[in-house]
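K.L.:
Just the structure for this:
(one chain, ligands or ions: 1)
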Amino acid sequence: MSLTNTIYNSPVFQQACNQFDIAADIIGMDAGLRERTKRPRRCVIVSMPVRMDSGAIEIFEGYRVQHNLSTGPAKGGIRFHQDVTLGEVAALAMWMSWKCSLVGLPYGGAKGGVVVNARDMSTTELERLSRRYMQEITPFIGPNIDIPAPDVGTNEQVMAWMMDTYSNHVGHFDPGVITGKPIALGGSLGRREATGEGVAWFVKAYLQDLGITPEKTTVVIQGFGNVGSEAALALYDWGAEVTGISDFTGGVYNPKGINLKEAIAYTAAHKSLQGFPGGQAVTNDELLELPCTVLIPAALERVITAKNAGKLKCRMLAEGANGPTTNEADMIINQRGDIDLIPDVLCNSGGVIVSYFEWLQNLQNYYWSKGEVFDKLYRMLAKAKAAVDETQKKYNCSRRTAALVLGISRVAEAKAKRGLFP
Ligand code: NAD
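P.N.:
Okay, here's the model as predicted:
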(Lines give C-alpha, C1' and ligand atoms only; values in the text may rest on other atoms or scores of the structure.)
Protein backbone atom coordinates (compact mmCIF):
# COMPACT_ATOMS: atom_id res chain seq x y z
CA MET A 1 0.00 0.00 0.00
CA SER A 2 1.67 3.26 -1.04
CA LEU A 3 1.86 6.02 1.52
CA THR A 4 1.09 9.20 -0.45
CA ASN A 5 -1.42 10.97 1.83
CA THR A 6 1.35 12.44 3.93
CA ILE A 7 3.35 15.62 4.27
CA TYR A 8 6.49 13.53 3.63
CA ASN A 9 5.40 12.49 0.15
CA SER A 10 8.31 12.78 -2.30
CA PRO A 11 10.22 10.44 -4.66
CA VAL A 12 12.82 9.53 -2.03
CA PHE A 13 10.18 8.89 0.67
CA GLN A 14 8.26 6.70 -1.79
CA GLN A 15 11.50 4.85 -2.54
CA ALA A 16 11.91 4.01 1.16
CA CYS A 17 8.20 3.03 1.43
CA ASN A 18 8.40 0.77 -1.63
CA GLN A 19 11.46 -0.99 -0.22
CA PHE A 20 9.59 -1.42 3.06
CA ASP A 21 6.53 -2.89 1.31
CA ILE A 22 8.58 -5.51 -0.55
CA ALA A 23 10.06 -6.70 2.77
CA ALA A 24 6.73 -6.50 4.63
CA ASP A 25 5.04 -8.56 1.87
CA ILE A 26 7.63 -11.31 2.20
CA ILE A 27 6.97 -11.73 5.91
CA GLY A 28 3.21 -11.22 5.52
CA MET A 29 2.98 -8.26 7.91
CA ASP A 30 -0.66 -7.36 8.58
CA ALA A 31 -1.99 -4.01 7.33
CA GLY A 32 -2.41 -2.28 10.71
CA LEU A 33 1.06 -3.12 11.99
CA ARG A 34 2.51 -2.30 8.59
CA GLU A 35 1.17 1.27 8.56
CA ARG A 36 2.17 1.82 12.17
CA THR A 37 5.71 0.60 11.56
CA LYS A 38 6.15 2.54 8.33
CA ARG A 39 4.93 6.00 9.29
CA PRO A 40 7.31 8.48 10.93
CA ARG A 41 6.35 9.05 14.56
CA ARG A 42 6.77 12.83 14.62
CA CYS A 43 8.65 15.76 13.12
CA VAL A 44 9.57 19.31 13.98
CA ILE A 45 10.06 22.09 11.42
CA VAL A 46 12.02 25.13 12.54
CA SER A 47 12.85 28.50 11.01
CA MET A 48 16.12 29.97 12.13
CA PRO A 49 17.03 33.64 11.86
CA VAL A 50 20.80 33.92 11.56
CA ARG A 51 22.86 37.10 11.55
CA MET A 52 25.21 36.96 8.57
CA ASP A 53 28.67 38.57 8.60
CA SER A 54 27.29 41.42 6.47
CA GLY A 55 24.88 42.32 9.29
CA ALA A 56 21.84 41.11 7.30
CA ILE A 57 19.52 38.53 8.86
CA GLU A 58 18.73 35.41 6.85
CA ILE A 59 16.06 32.85 7.72
CA PHE A 60 16.92 29.16 7.25
CA GLU A 61 14.53 26.20 7.46
CA GLY A 62 15.40 22.98 9.28
CA TYR A 63 13.77 19.64 10.15
CA ARG A 64 14.08 16.80 12.62
CA VAL A 65 12.07 13.67 11.87
CA GLN A 66 11.82 10.94 14.53
CA HIS A 67 10.65 7.85 12.72
CA ASN A 68 10.70 5.30 15.52
CA LEU A 69 10.93 5.79 19.28
CA SER A 70 9.55 2.38 20.28
CA THR A 71 12.87 0.56 20.64
CA GLY A 72 14.97 3.22 22.40
CA PRO A 73 16.00 6.83 21.90
CA ALA A 74 16.06 7.83 18.25
CA LYS A 75 19.42 8.12 16.45
CA GLY A 76 20.40 9.80 13.20
CA GLY A 77 22.58 12.41 11.55
CA ILE A 78 22.07 16.06 10.68
CA ARG A 79 22.50 17.09 7.05
CA PHE A 80 23.34 20.61 5.86
CA HIS A 81 22.60 20.76 2.12
CA GLN A 82 20.78 23.12 -0.22
CA ASP A 83 18.50 20.33 -1.57
CA VAL A 84 17.30 19.02 1.83
CA THR A 85 13.51 18.44 1.96
CA LEU A 86 11.21 17.14 4.68
CA GLY A 87 10.48 14.04 2.56
CA GLU A 88 14.18 13.31 2.20
CA VAL A 89 14.78 13.67 5.94
CA ALA A 90 11.81 11.34 6.62
CA ALA A 91 13.20 8.69 4.25
CA LEU A 92 16.63 8.94 5.89
CA ALA A 93 14.99 8.66 9.34
CA MET A 94 13.15 5.52 8.21
CA TRP A 95 16.36 3.92 6.99
CA MET A 96 17.98 4.75 10.36
CA SER A 97 15.22 2.78 12.12
CA TRP A 98 15.87 -0.34 10.03
CA LYS A 99 19.67 0.06 10.25
CA CYS A 100 19.77 0.35 14.06
CA SER A 101 17.38 -2.57 14.39
CA LEU A 102 19.27 -4.73 11.87
CA VAL A 103 22.61 -4.39 13.67
CA GLY A 104 21.04 -4.79 17.09
CA LEU A 105 21.38 -1.30 18.56
CA PRO A 106 18.95 -0.21 21.31
CA TYR A 107 17.84 2.80 19.25
CA GLY A 108 14.98 4.04 17.14
CA GLY A 109 15.61 6.09 14.00
CA ALA A 110 15.71 9.82 13.25
CA LYS A 111 17.32 12.33 10.92
CA GLY A 112 17.74 16.08 10.75
CA GLY A 113 18.38 18.53 7.96
CA VAL A 114 18.88 22.21 7.26
CA VAL A 115 18.32 23.75 3.83
CA VAL A 116 21.63 25.54 3.35
CA ASN A 117 24.72 25.45 1.21
CA ALA A 118 27.24 25.43 4.07
CA ARG A 119 30.12 25.88 1.63
CA ASP A 120 28.92 29.43 0.98
CA MET A 121 29.02 30.35 4.69
CA SER A 122 31.89 31.71 6.73
CA THR A 123 32.92 29.75 9.84
CA THR A 124 31.22 32.28 12.11
CA GLU A 125 27.96 32.10 10.12
CA LEU A 126 28.09 28.30 10.19
CA GLU A 127 28.59 28.38 13.96
CA ARG A 128 25.60 30.68 14.47
CA LEU A 129 23.39 28.48 12.26
CA SER A 130 24.53 25.25 13.98
CA ARG A 131 23.85 26.71 17.44
CA ARG A 132 20.47 28.12 16.42
CA TYR A 133 19.36 24.78 14.93
CA MET A 134 20.37 22.99 18.14
CA GLN A 135 18.59 25.57 20.27
CA GLU A 136 15.38 25.12 18.24
CA ILE A 137 15.37 21.31 18.46
CA THR A 138 16.57 21.13 22.10
CA PRO A 139 13.04 20.47 23.50
CA PHE A 140 12.76 17.38 21.28
CA ILE A 141 16.16 15.74 21.77
CA GLY A 142 18.45 14.50 24.56
CA PRO A 143 20.65 11.52 25.50
CA ASN A 144 17.52 9.48 26.32
CA ILE A 145 15.25 10.88 23.60
CA ASP A 146 17.07 11.44 20.31
CA ILE A 147 20.83 11.64 19.70
CA PRO A 148 22.00 13.38 16.49
CA ALA A 149 25.32 12.85 14.64
CA PRO A 150 27.11 14.18 11.53
CA ASP A 151 25.91 13.61 7.96
CA VAL A 152 26.50 15.35 4.63
CA GLY A 153 27.76 18.92 5.16
CA THR A 154 28.32 18.61 8.93
CA ASN A 155 31.42 17.51 10.82
CA GLU A 156 33.09 17.23 14.25
CA GLN A 157 33.23 21.01 14.67
CA VAL A 158 29.50 21.38 14.01
CA MET A 159 28.82 18.59 16.53
CA ALA A 160 31.01 20.43 19.08
CA TRP A 161 29.03 23.69 18.70
CA MET A 162 25.76 21.79 18.98
CA MET A 163 26.90 19.88 22.07
CA ASP A 164 28.04 23.16 23.67
CA THR A 165 24.67 24.80 22.91
CA TYR A 166 22.74 21.90 24.44
CA SER A 167 25.06 21.70 27.47
CA ASN A 168 24.61 25.43 28.13
CA HIS A 169 20.85 24.91 27.98
CA VAL A 170 20.80 22.08 30.54
CA GLY A 171 23.47 23.74 32.68
CA HIS A 172 26.14 21.03 32.63
CA PHE A 173 28.48 19.20 30.22
CA ASP A 174 26.26 16.62 28.54
CA PRO A 175 28.25 14.96 25.73
CA GLY A 176 25.79 12.04 25.34
CA VAL A 177 23.37 14.33 23.46
CA ILE A 178 25.29 14.05 20.19
CA THR A 179 27.91 11.77 18.61
CA GLY A 180 30.69 12.35 16.11
CA LYS A 181 32.25 14.93 18.43
CA PRO A 182 35.97 15.85 18.59
CA ILE A 183 37.94 13.50 20.86
CA ALA A 184 38.62 16.40 23.29
CA LEU A 185 34.86 16.69 23.91
CA GLY A 186 34.02 13.04 24.49
CA GLY A 187 34.23 11.81 20.91
CA SER A 188 35.16 8.18 20.37
CA LEU A 189 38.44 7.04 18.90
CA GLY A 190 37.60 5.51 15.53
CA ARG A 191 34.31 7.38 14.95
CA ARG A 192 35.72 9.51 12.13
CA GLU A 193 36.85 6.41 10.22
CA ALA A 194 33.97 4.17 11.28
CA THR A 195 31.51 4.48 8.38
CA GLY A 196 34.13 4.16 5.64
CA GLU A 197 35.96 1.45 7.59
CA GLY A 198 32.68 -0.47 7.88
CA VAL A 199 31.94 -0.06 4.15
CA ALA A 200 35.43 -1.43 3.42
CA TRP A 201 34.89 -4.33 5.86
CA PHE A 202 31.74 -5.44 4.00
CA VAL A 203 33.36 -4.99 0.58
CA LYS A 204 36.31 -7.17 1.65
CA ALA A 205 34.05 -9.81 3.22
CA TYR A 206 31.73 -10.10 0.20
CA LEU A 207 34.65 -10.03 -2.28
CA GLN A 208 36.22 -12.88 -0.31
CA ASP A 209 32.91 -14.79 -0.65
CA LEU A 210 33.22 -14.29 -4.42
CA GLY A 211 36.87 -15.38 -4.40
CA ILE A 212 38.15 -11.97 -5.58
CA THR A 213 41.55 -10.96 -4.18
CA PRO A 214 42.76 -7.42 -3.31
CA GLU A 215 45.27 -7.36 -6.22
CA LYS A 216 42.38 -8.00 -8.64
CA THR A 217 40.19 -5.25 -7.13
CA THR A 218 39.67 -1.77 -8.51
CA VAL A 219 37.41 0.69 -6.72
CA VAL A 220 35.46 3.73 -7.96
CA ILE A 221 33.90 6.05 -5.38
CA GLN A 222 31.34 8.84 -5.83
CA GLY A 223 31.67 11.35 -2.98
CA PHE A 224 35.07 12.01 -1.40
CA GLY A 225 33.88 13.26 1.98
CA ASN A 226 33.97 11.46 5.31
CA VAL A 227 32.58 8.12 4.10
CA GLY A 228 34.12 8.04 0.61
CA SER A 229 37.66 9.04 1.61
CA GLU A 230 37.82 6.71 4.63
CA ALA A 231 36.48 3.77 2.57
CA ALA A 232 39.09 4.57 -0.11
CA LEU A 233 41.96 4.59 2.41
CA ALA A 234 40.83 1.33 4.05
CA LEU A 235 40.50 -0.49 0.72
CA TYR A 236 43.85 0.86 -0.50
CA ASP A 237 45.49 -0.37 2.73
CA TRP A 238 44.00 -3.79 2.01
CA GLY A 239 45.71 -3.84 -1.39
CA ALA A 240 43.00 -2.66 -3.79
CA GLU A 241 43.55 0.14 -6.31
CA VAL A 242 41.22 3.17 -6.19
CA THR A 243 40.86 4.27 -9.81
CA GLY A 244 38.02 6.83 -9.64
CA ILE A 245 36.84 9.43 -7.11
CA SER A 246 34.51 12.42 -7.28
CA ASP A 247 32.85 15.20 -5.33
CA PHE A 248 30.15 17.77 -6.09
CA THR A 249 32.38 19.39 -8.76
CA GLY A 250 33.03 16.19 -10.77
CA GLY A 251 35.48 13.32 -10.74
CA VAL A 252 38.88 12.02 -11.76
CA TYR A 253 39.79 8.66 -13.26
CA ASN A 254 43.19 7.02 -13.33
CA PRO A 255 43.28 3.33 -14.34
CA LYS A 256 46.74 3.03 -12.74
CA GLY A 257 45.40 4.18 -9.36
CA ILE A 258 44.85 7.54 -7.69
CA ASN A 259 47.25 8.86 -5.07
CA LEU A 260 44.74 9.18 -2.22
CA LYS A 261 46.97 11.17 0.14
CA GLU A 262 47.51 13.76 -2.60
CA ALA A 263 43.77 13.84 -3.37
CA ILE A 264 42.94 14.38 0.32
CA ALA A 265 45.56 17.14 0.64
CA TYR A 266 44.31 18.79 -2.58
CA THR A 267 40.68 18.71 -1.35
CA ALA A 268 41.69 20.23 1.98
CA ALA A 269 43.61 23.03 0.24
CA HIS A 270 41.13 23.79 -2.59
CA LYS A 271 37.81 22.84 -0.89
CA SER A 272 37.06 20.46 -3.80
CA LEU A 273 38.67 18.02 -6.25
CA GLN A 274 38.20 20.43 -9.16
CA GLY A 275 41.49 20.69 -11.06
CA PHE A 276 43.14 17.78 -9.21
CA PRO A 277 45.93 16.70 -11.57
CA GLY A 278 46.09 13.01 -10.55
CA GLY A 279 44.03 11.62 -13.46
CA GLN A 280 41.63 12.33 -16.28
CA ALA A 281 38.61 14.54 -15.48
CA VAL A 282 35.19 12.83 -15.71
CA THR A 283 31.66 13.93 -14.85
CA ASN A 284 29.80 12.27 -11.98
CA ASP A 285 27.54 10.51 -14.52
CA GLU A 286 30.56 9.12 -16.38
CA LEU A 287 32.21 8.07 -13.12
CA LEU A 288 29.31 5.79 -12.19
CA GLU A 289 29.69 3.89 -15.48
CA LEU A 290 33.46 3.35 -15.26
CA PRO A 291 34.73 -0.24 -15.38
CA CYS A 292 35.69 -1.39 -11.86
CA THR A 293 35.33 -4.27 -9.43
CA VAL A 294 33.59 -2.20 -6.76
CA LEU A 295 31.46 0.92 -7.23
CA ILE A 296 30.78 2.85 -4.03
CA PRO A 297 28.23 5.66 -4.17
CA ALA A 298 29.10 7.74 -1.07
CA ALA A 299 27.32 11.06 -1.72
CA LEU A 300 23.56 11.50 -2.10
CA GLU A 301 20.40 9.50 -2.84
CA ARG A 302 18.98 8.36 -6.20
CA VAL A 303 22.11 8.36 -8.35
CA ILE A 304 21.76 4.77 -9.62
CA THR A 305 18.62 5.02 -11.73
CA ALA A 306 16.75 3.27 -14.55
CA LYS A 307 18.91 5.33 -16.92
CA ASN A 308 22.33 4.03 -15.81
CA ALA A 309 21.61 0.73 -13.96
CA GLY A 310 21.87 -1.27 -17.19
CA LYS A 311 25.19 0.39 -18.02
CA LEU A 312 27.05 -0.18 -14.75
CA LYS A 313 30.35 -2.00 -15.28
CA CYS A 314 31.05 -3.05 -11.70
CA ARG A 315 30.99 -6.51 -10.10
CA MET A 316 29.89 -5.10 -6.74
CA LEU A 317 27.76 -2.08 -5.75
CA ALA A 318 28.48 -1.10 -2.15
CA GLU A 319 26.07 1.55 -0.89
CA GLY A 320 28.11 3.89 1.31
CA ALA A 321 25.45 6.57 0.81
CA ASN A 322 21.90 6.17 2.05
CA GLY A 323 19.32 5.49 -0.67
CA PRO A 324 21.61 5.77 -3.73
CA THR A 325 19.61 3.21 -5.77
CA THR A 326 16.05 3.89 -6.99
CA ASN A 327 13.41 1.13 -6.94
CA GLU A 328 13.54 0.87 -10.75
CA ALA A 329 17.35 0.53 -10.70
CA ASP A 330 17.04 -2.16 -8.01
CA MET A 331 14.80 -4.19 -10.32
CA ILE A 332 17.24 -3.84 -13.22
CA ILE A 333 20.19 -4.88 -11.03
CA ASN A 334 18.24 -7.88 -9.71
CA GLN A 335 17.34 -8.92 -13.27
CA ARG A 336 20.93 -8.50 -14.49
CA GLY A 337 22.13 -10.84 -11.74
CA ASP A 338 25.81 -9.98 -12.31
CA ILE A 339 26.18 -7.27 -9.64
CA ASP A 340 26.57 -8.11 -5.96
CA LEU A 341 24.77 -5.31 -4.07
CA ILE A 342 25.56 -4.46 -0.44
CA PRO A 343 22.54 -2.41 0.73
CA ASP A 344 22.94 0.88 2.59
CA VAL A 345 21.33 -0.23 5.87
CA LEU A 346 24.01 -2.91 6.15
CA CYS A 347 26.93 -1.38 4.23
CA ASN A 348 27.21 1.96 6.06
CA SER A 349 26.10 0.73 9.50
CA GLY A 350 29.63 1.05 10.94
CA GLY A 351 29.01 4.76 11.52
CA VAL A 352 25.99 4.38 13.77
CA ILE A 353 27.59 1.41 15.55
CA VAL A 354 30.58 3.51 16.62
CA SER A 355 28.22 6.41 17.40
CA TYR A 356 26.54 3.97 19.80
CA PHE A 357 29.96 3.19 21.31
CA GLU A 358 30.61 6.92 21.68
CA TRP A 359 27.27 7.40 23.49
CA LEU A 360 28.01 4.43 25.77
CA GLN A 361 31.45 5.87 26.64
CA ASN A 362 29.84 9.27 27.37
CA LEU A 363 27.22 7.71 29.65
CA GLN A 364 29.83 5.66 31.50
CA ASN A 365 32.55 8.33 31.49
CA TYR A 366 34.92 5.50 30.63
CA TYR A 367 36.80 5.61 27.36
CA TRP A 368 38.03 2.77 25.15
CA SER A 369 41.15 2.35 23.01
CA LYS A 370 40.83 2.43 19.21
CA GLY A 371 41.63 -1.28 19.18
CA GLU A 372 38.71 -2.02 21.49
CA VAL A 373 36.39 0.12 19.34
CA PHE A 374 37.32 -1.62 16.09
CA ASP A 375 37.32 -5.08 17.65
CA LYS A 376 33.75 -4.54 18.89
CA LEU A 377 32.76 -2.95 15.56
CA TYR A 378 34.01 -5.86 13.45
CA ARG A 379 32.20 -8.37 15.67
CA MET A 380 28.90 -6.52 15.21
CA LEU A 381 29.41 -6.22 11.44
CA ALA A 382 30.17 -9.96 11.16
CA LYS A 383 27.02 -10.81 13.14
CA ALA A 384 24.88 -8.57 10.93
CA LYS A 385 26.38 -10.04 7.73
CA ALA A 386 25.73 -13.60 8.91
CA ALA A 387 22.11 -12.74 9.79
CA VAL A 388 21.49 -11.06 6.42
CA ASP A 389 23.08 -13.94 4.48
CA GLU A 390 20.93 -16.48 6.36
CA THR A 391 17.74 -14.44 5.82
CA GLN A 392 18.51 -14.04 2.12
CA LYS A 393 18.76 -17.83 1.79
CA LYS A 394 15.61 -18.39 3.84
CA TYR A 395 13.41 -16.11 1.71
CA ASN A 396 15.33 -16.45 -1.57
CA CYS A 397 15.23 -12.67 -1.98
CA SER A 398 17.63 -9.81 -2.72
CA ARG A 399 20.19 -8.84 -0.08
CA ARG A 400 18.45 -5.48 0.37
CA THR A 401 15.14 -7.16 1.10
CA ALA A 402 16.80 -9.62 3.50
CA ALA A 403 18.42 -6.76 5.43
CA LEU A 404 15.12 -4.87 5.55
CA VAL A 405 13.18 -7.97 6.62
CA LEU A 406 15.47 -8.20 9.67
CA GLY A 407 15.38 -4.48 10.45
CA ILE A 408 11.65 -4.05 9.94
CA SER A 409 10.48 -7.20 11.68
CA ARG A 410 12.32 -6.36 14.92
CA VAL A 411 10.75 -2.88 15.03
CA ALA A 412 7.29 -4.26 14.18
CA GLU A 413 7.58 -6.93 16.87
CA ALA A 414 8.53 -4.33 19.49
CA LYS A 415 5.55 -2.17 18.50
CA ALA A 416 3.16 -5.13 18.60
CA LYS A 417 4.45 -6.24 22.03
CA ARG A 418 4.26 -2.73 23.48
CA GLY A 419 0.62 -2.47 22.39
CA LEU A 420 -1.30 0.77 22.01
CA PHE A 421 -1.46 3.57 24.55
CA PRO A 422 -4.03 4.32 25.94
P1 NAD B 1 30.33 14.53 3.51
O2 NAD B 1 29.65 15.84 3.51
O3 NAD B 1 31.52 14.32 4.37
O4 NAD B 1 30.77 14.16 2.02
C5 NAD B 1 29.87 14.16 0.95
C6 NAD B 1 30.65 14.07 -0.35
O7 NAD B 1 29.73 13.98 -1.43
C8 NAD B 1 31.52 15.30 -0.62
O9 NAD B 1 32.71 14.91 -1.27
C10 NAD B 1 30.65 16.10 -1.58
O11 NAD B 1 31.38 17.01 -2.41
C12 NAD B 1 30.04 14.98 -2.39
N13 NAD B 1 28.85 15.37 -3.12
C14 NAD B 1 27.85 16.22 -2.74
N15 NAD B 1 26.95 16.35 -3.71
C16 NAD B 1 27.39 15.59 -4.73
C17 NAD B 1 26.89 15.30 -6.03
N18 NAD B 1 25.76 15.86 -6.45
N19 NAD B 1 27.59 14.46 -6.82
C20 NAD B 1 28.74 13.91 -6.37
N21 NAD B 1 29.25 14.13 -5.17
C22 NAD B 1 28.59 14.95 -4.37
O23 NAD B 1 29.19 13.45 3.83
P24 NAD B 1 29.38 11.97 4.39
O25 NAD B 1 29.21 12.04 5.86
O26 NAD B 1 30.58 11.34 3.79
O27 NAD B 1 28.06 11.26 3.83
C28 NAD B 1 28.00 10.68 2.53
C29 NAD B 1 26.85 9.69 2.47
O30 NAD B 1 27.05 8.67 3.46
C31 NAD B 1 25.46 10.25 2.74
O32 NAD B 1 24.51 9.52 1.99
C33 NAD B 1 25.25 9.94 4.21
O34 NAD B 1 23.88 9.90 4.57
C35 NAD B 1 25.90 8.58 4.29
N36 NAD B 1 26.31 8.18 5.64
C37 NAD B 1 27.16 8.94 6.38
C38 NAD B 1 27.54 8.51 7.64
C39 NAD B 1 28.54 9.27 8.48
O40 NAD B 1 28.95 8.75 9.51
N41 NAD B 1 28.99 10.43 8.08
C42 NAD B 1 27.03 7.32 8.15
C43 NAD B 1 26.18 6.54 7.37
C44 NAD B 1 25.84 6.99 6.11
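
K.L.:
Point me to the residue of the stretch 101-250 of the chain nearest the ligand.
P.N.:
Among the residues of the stretch 101-250 of the chain, residue 225 lies nearest to the ligand; the distance is 1.7 Å by C-beta to the nearest ligand atom. Where you see a C-beta, it was placed from the backbone N, CA and C, and this is true even at glycine.

K.L.:
What score does that residue have for pLDDT?
P.N.:
pLDDT, residue 225: 97.

K.L.:
try residue 422
P.N.:
Predicted confidence (pLDDT) at residue 422: the value is 78.

K.L.:
Count the neighbours of it for me.
P.N.:
2 (other C-beta atoms under 10 Å).

K.L.:
give the contact list for it.
P.N.:
The neighbours of residue 422, taking C-beta atoms under 8 Å, 6 or more residues apart in numbering as the test, come to nothing; the list is empty.

K.L.:
Provide the secondary structure category for the residue nearest in space to the middle of the chain.
P.N.:
Taking C-alpha atoms, centre = their mean as the criterion, residue 322 is the residue nearest the geometric centre of the chain, at 4.8 Å. Each residue gets one of three states, and residue 322 gets coil by DSSP: H, G, I helix; E, B strand; the rest coil.

K.L.:
Please report how far it lies from residue 355.
P.N.:
14 Å (C-beta to C-beta, to the nearest Å).

K.L.:
Over to residue 103?
P.N.:
Spatial separation of residue 103 from residue 355 under the definition C-beta to C-beta is 11 Å.

K.L.:
Tell me which of the two has more neighbours.
P.N.:
Legend: neighbour count by other C-beta under 10 Å for residue 103 and residue 355, higher for residue 355 (29 against 25).

K.L.:
Would you agree that one falls within a helix?
P.N.:
Yes. If the criterion is three-state DSSP, then residue 355 is within a helix.

K.L.:
returning to what we had before: for the residue of the stretch 101-250 of the chain closest to the ligand, which residues are in contact?
P.N.:
Under the criterion of C-beta under 8 Å, 6+ apart, the neighbours of residue 225 are 152, 247, 298-299.

K.L.:
cool, and residue 397?
P.N.:
Contacts of residue 397 (C-beta under 8 Å, 6+ apart): 26, 405.

K.L.:
now do the same end-to-end measure for stretch 99-109.
P.N.:
8 Å (C-alpha to C-alpha, to the nearest Å).

K.L.:
That stretch near the ligand at all?
P.N.:
No. Stretch 99-109 lies out of reach of the ligand by C-beta under 6 Å from any ligand atom, never closer than 8.1 Å.

K.L.:
Just the buried residues of that stretch, please?
P.N.:
For stretch 99-109, the neighbour count (16 or more other C-beta atoms under 10 Å) marks 99-103, 105, 107-109 as buried.

K.L.:
and these, which of them are in helices?
P.N.:
99-102 (DSSP state H).

K.L.:
Quick one: name the residues of the stretch 151-300 of the chain near the ligand.
P.N.:
Proximity of the stretch 151-300 of the chain to the ligand, by C-beta under 6 Å from any ligand atom, involves residues 151-153, 195, 222-228, 246-248, 284, 298-300.

K.L.:
Now name the helix or strand holding residue 37.
P.N.:
Using DSSP states H and E, the secondary-structure element containing residue 37 is helix 31-38.

K.L.:
can I get the contacts of residue 225 in a markdown table with secondary structure and pLDDT?
P.N.:
Output for the contacts of residue 225, formatted as a markdown table (DSSP: H, G, I helix; E, B strand; the rest coil; pLDDT from 0 to 100):
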| residue | secondary structure | pLDDT |
| --- | --- | --- |
| 152 | coil | 97 |
| 247 | strand | 98 |
| 298 | coil | 98 |
| 299 | coil | 98 |
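
K.L.:
Can you tell me which of those are buried?
P.N.:
Neighbour counting with 16+ other C-beta under 10 Å marks 152, 247, 298-299 as buried within these.

K.L.:
now, the most widely separated pair of those?
P.N.:
Considering C-beta to C-beta, no two members of those lie farther apart than 152 and 247, which are separated by 11.3 Å.

K.L.:
any common contacting residues for the two?
P.N.:
The overlap between the contact sets of residue 152 and residue 247 (C-beta under 8 Å, 6+ apart) consists of 225, 299.

K.L.:
and the longest helix along the chain, which residues are buried?
P.N.:
Criterion DSSP H: the longest helix present in the chain is helix 370-395. By neighbour count, and taking 16+ other C-beta under 10 Å as the criterion, the buried residues in helix 370-395 are 373-374, 376-378, 380-381, 384-385, 387-388, 391-392.

K.L.:
Appreciated, that's everything.
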